[in-house]
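> requesting a structural model of the entry that follows:
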Amino acid sequence: MNMFVVIQQMLVLLVMMLIGYIVFRIKWLDANACGKMSKIVVNVLNPCLMINGVLGKAVNLKGDMLFQTLVLVVVYYGALILLSIPVASILRVKKKHYNLYRLMLIFSNVGFMGIPVVTSIYGKEAMLLIAFYNLGYNLLLYTYGIYLASTGGEPGEKTETAKGAGWKKLLNLGVASCLISIIIFLSGVTMPDSVCTFFDYVGNAAVPLSMILIGASVAQGGKKEFFLDRKMYVFMAVKMLAIPVAAALLMRLLPWPAMVEGVFILMLAMPVGSIVVMLAAESGADEIECTKGSILTTLLSVLTIPIVSVFLTF
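As a prediction, the model looks like this:
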């Protein structure tokens, strides 16, 4: 695997995004339809794709690889939470945007974009590793993420969303699919061919539809002034190049499997998650700033992910 293969994979995903952009611009899709389709992807297709990654397949992952992945998941979120504080401070963003920039740094698009990118490079064998990152993502998103979003408006303000952070938010299909994937792998249970075929068909629809929806979101939210924010470009350089490249160089000091290290580094290179925009909107914070971050990082990722891939070991 080399950078040219990664570029080819990113170009395939880019064409899917372009389709989404075009069909939105010619009004085959509208904001209402995109919202409903996003719910289908998040609550049906992505969970099926996650389960399909370990269902009826011989997953060649050793126990130490799972332990290493768990360690890296903790490092991943712990490091991003800690780094988000100095990054937001150095950028000298407005007070009302401080926690929003922290939110954008911590919560990347590990699902919508992470799954198709990582599996296109490492294959579906990497799905179990992605499941741990998604599990951590969901656990943090509906607790710490909601807290940051709810305090992302004017200082001292709290909203109803802040009161919504709790265990009930953790009971969702995203968390359930991650747990089911891990249980299936650890138990070694086998399913009938019909069940495997179902999850294969439904799960495989997640990748193209996810990228089409990302393209539609670019068409929906992209504005000329979005491309004139210098602080956002500095933020993107730190988030999508400096941090993953630094992590890749540090990971070379560890004699761990290439796939374990690669998934960790690629997750760091993912763009801002679109869910951040929804959290900000529901919390009464400045969702425009988050929309800007989500759109620009998604577009830039077509260039930055291949660059980061140069530092991967295969």
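
> what is the burial count for I288?
I288 is flanked by 15 other residues according to other CB atoms under 10 Å. All C-beta atoms are positioned from the backbone trio N, CA, C, and that covers glycine.

> the lengthiest helix in the chain - contacts with which helices or strands?
Longest helix in the chain, counting residues (DSSP state H): helix 63-90. Here helix 63-90 touches helix 95-106, helix 127-140, helix 258-268, going by 3 or more CB pairs under 8 Å, 6 or more residues apart in numbering; DSSP states H and E.

> any regions of the stretch 51-200 of the chain where pLDDT drops low?
Applying pLDDT under 70 to the stretch 51-200 of the chain flags the ranges 56-63, 152-172.

> can I get the helices and strands packed on helix 63-90 in CSV including mean neighbour count?
Listed next are the helices and strands packed on helix 63-90 as CSV, based on neighbours: other CB atoms under 10 Å:
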stretch, mean neighbour count
helix 95-106, 23
helix 127-140, 23
helix 258-268, 23
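
> pipe those into TSV and attach distance to L303 per row.
Formatted as TSV, the helices and strands packed on helix 63-90 follow (distance: least, CB to CB, whole Å):
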stretch	distance to L303
helix 95-106	19
helix 127-140	23
helix 258-268	15
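
> nearest to L72, out of those?
When the helices and strands packed on helix 63-90 are compared by CB to CB, helix 258-268 sits nearest L72, at 4.5 Å.

> give me the pLDDT for F314.
What the model reports as pLDDT for F314 is 58.

> among the helices and strands packed on helix 63-90, which comes closest to A176?
Across the helices and strands packed on helix 63-90, A176 has its closest neighbour in helix 127-140 (9.5 Å, CB to CB).

> which residues does the closest one contact?
Residues outside helix 127-140 that contact it (CB atoms under 8 Å, 6 or more residues apart in numbering): 49-50, 52-54, 59, 61, 65-66, 69-70, 73-74, 76-77, 106-107, 110-111, 114-115, 118-119, 170, 172, 174-175, 177-179, 181-182, 185, 259-260, 263, 267.

> filter those to the buried ones?
Among the contacts of helix 127-140, those buried by neighbour count (16 or more other CB atoms under 10 Å) are 49-50, 52-54, 59, 61, 65-66, 69, 73, 76-77, 106-107, 110-111, 114-115, 118-119, 174-175, 177-178, 181-182, 185, 259-260, 263, 267.

> list the buried ones in the longest helix of the chain?
Using 16+ other CB under 10 Å as the test for burial, helix 63-90 gives 65-66, 68-69, 72-73, 76-77, 80, 83-84, 87-88.

> torsion angles phi and psi at the residue sitting furthest away from the middle of the chain?
Of all residues in the chain, P192 has its C-alpha farthest from the mean position, at 31.1 Å, by CA atoms, centre = their mean. Phi and psi for P192, reported as degrees, to the nearest 10, are phi -60, psi 150.

> roughly how far does it sit from V277?
40 Å (CB to CB, to the nearest Å).

> residues contacting the nearest residue to L45 once chain neighbours are set aside?
When the adjacent residues along the chain are set aside, L45 lies closest to A206, with 3.7 Å between them (CB to CB, 6 or more residues apart in numbering). By CB under 8 Å, 6+ apart, A206 lies in contact with V41, L45, N46, C48, L49, I115, P116.

> what is the neighbour count of the second one?
Look at L45: counted by other CB under 10 Å, it has 20 neighbours.

> can you check the last one too?
Applying other CB under 10 Å, we find 22 residues neighbouring P116.

> from the buried residues of helix 63-90, pick the one nearest G273.
The shortest approach to G273 among the buried residues of helix 63-90 belongs to L80, at 12.0 Å (CB to CB).

> pretty sure that closest one sits against I106.
Yes. Applying CB atoms under 8 Å, one finds L80 in contact with I106, separated by 4.6 Å.

> what values do phi and psi take at S108?
The phi and psi torsions at S108 (degrees, to the nearest 10) take the values phi -90, psi 170.

> for V272, same thing?
Phi and psi for V272, reported as degrees, to the nearest 10, are phi -60, psi 130.

> what is it paired to in the beta sheet?
Per DSSP bridges, the residues bridged to V272 are S108.

> tell me the pLDDT of it.
On the pLDDT scale, V272 gets 89.

> so what's it up against?
Contacts of V272 (CB under 8 Å, 6+ apart): M104, F107, S108, N109, K239, C290, G293, S294, T297, T298.

> who wins for neighbours among those residues?
Highest neighbour count within those, by other CB under 10 Å: M104, with 30 neighbours.

> settle this for me: that one is touching C290, isn't it.
Yes. In this structure, M104 is within contact of C290 by CB under 8 Å, at 6.4 Å.

> related to what we said a few turns ago, any chance of the contacts of V272 in CSV, plus distance to L148?
Putting the contacts of V272 into CSV (distance: CB to CB, whole Å) gives the following:
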residue, distance to L148
M104, 10
F107, 9
S108, 14
N109, 17
K239, 16
C290, 11
G293, 14
S294, 15
T297, 17
T298, 21
